[in-house]
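Novice: requesting a structural model of the entry that follows:
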Amino acid sequence: MELFDFEKIAAYQKARTYFSTINELIHKSSISPNMRDQLERAALSIPLNIAEGSGRISLKERRHFFTIARGSLYESWAILDIMNRRGNAVKTEEYQELYALAIEISKLLYAMIRNLNQRLQDLSL
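Specialist: Predicted coordinates:
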C-alpha cells in the first residue's frame, strides 16, 4: 500500500499518537468545555500542519507549516501544564508520558525546521 509522504515522517507519526492520547484523556476527564475544545484543536493542529507542510513545494511554505505545528505543540502543552497545576484529570504517569512525547515531537520539528532553514540559506548563496 502506497503512503502519503507525510505518513512516513516520524514527527507526524508521533504527533498522531500525541493527539490520540490527548483525545482519550479529555474525553474521560471533567475539564471545562472551553479548555477541552482548545486542547483538542491545538493537539489536532500538530499532525494536520505537518501533513499540510509536507505537501507544499516551496521550502518556505513547508517551514511555515512545520513552525505552526511546533507552536501548536507548545500551546497544547501549556494547556496540559495548566490542567496539571490545577489538579485537573491528568494522572502523573499520563502527564510524564505525554511530556516525553511532546519533547520528542518538538525536537523532531525543530530539526525539520533547522534543515529547511539550512537548505534555504544554501539556495541563497
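
Novice: what comes up buried for the helix or strand Lys107 falls within?
Specialist: Assigned by DSSP states H and E, Lys107 belongs to helix 92-124. Residues Glu94, Leu98, Leu101, Ala102, Ile105, Ser106, Leu108, Leu109, Met112, Ile113, Leu116 are the ones in helix 92-124 that count as buried (16 or more other C-beta atoms under 10 Å). All C-beta atoms are positioned from the backbone trio N, CA, C, and that covers glycine.

Novice: what's the pLDDT at Asn88?
Specialist: Asn88 is assigned a pLDDT of 61 by the prediction.

Novice: the closest residue to Glu7 other than its chain neighbours: neighbour count?
Specialist: Distance criterion C-beta to C-beta, 6 or more residues apart in numbering; nearest residue to Glu7, sequence neighbours excluded, is Gln13 at 7.5 Å. For Gln13, the neighbour count with other C-beta atoms under 10 Å is 16.

Novice: now do the strands in the protein.
Specialist: Counting by DSSP state E, the chain forms no strands at all.

Novice: tell me where it is predicted with low confidence.
Specialist: The chain contains residues with pLDDT under 70 at 88-89.
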